[in-house]
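1. please work out how this folds:
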Amino acid sequence: MWTKPTNKEFPAYYGKYIDLVSEGSLEDTLIKHLENTTALLSDVSETQANYRYALGKWTLKEVIGHIADTERIMSYRILRIARGDQTPLAGYDDEQYVKEALFHSRSFPDLLEEYSTVRHSTLSLVRGLSEVVRDRKGIANNSEISVSALAYIIAGHELHHVKIIKDKYLI
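-> This next block holds a predicted model:
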């Protein structure tokens, strides 16, 4: 059973994401988030998906693309650290990723499918990790972080953005 990481397992700025995740089965949480997010967004039109609630803010397409990109990166970090790779892992610029991804040129259903595919991949990864490696730590973005913290960041990062989607995009 996955347990919520202590604040000694991750840089403080990730606490806002980890704090959003309820106690309980991490696997069940990731599945529930997938189901809830997909249901929430299943009827979104292309017009809604291209909506930007303020100048300089991402469109809904860009938010979903960002969630998938971030999950991929965090899953990659999980894989590397869980497998004992102690090579320090670089950070990334999420603004640059969104800019270069050209999410606006893709259909919203395609982006939702990508999000779902990434989540299923993450689930396969976390299901296959033994309890022994969950506390294993490595360096990512110049900070020490545990496998467990990375998994909880994935869940909390999505919740953070889903709240913004509900408050700013689907009004």
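
2. could you point out which element follows the longest helix that the chain contains?
-> When the chain is parsed with DSSP state H, its longest helix is helix 60-82. Moving toward the C-terminus from helix 60-82, the next helix or strand (DSSP states H and E) is helix 94-101.

3. next SSE after that following helix?
-> Assignment by DSSP H and E places the next element after helix 94-101 at helix 108-127.

4. for Ile154, give its distance to Leu170.
-> 22 Å (C-beta to C-beta, to the nearest Å). (Each C-beta comes from the backbone N, C-alpha and C, glycine too.)

5. which one's more surrounded, the two?
-> Using other C-beta atoms under 10 Å as the criterion, Ile154 and Leu170 rank with Ile154 on top: 28 against 14.

6. relative to Ser143, how far out is that one?
-> 17 Å.

7. then Glu158?
-> 21 Å.

8. give me the more crowded residue out of those two.
-> For the pair Glu158 and Ser143, the greater number of neighbours falls to Glu158 (25 against 14), based on other C-beta under 10 Å.

9. pLDDT wise, what is the more buried one at?
-> According to the prediction, Glu158 has pLDDT 98.
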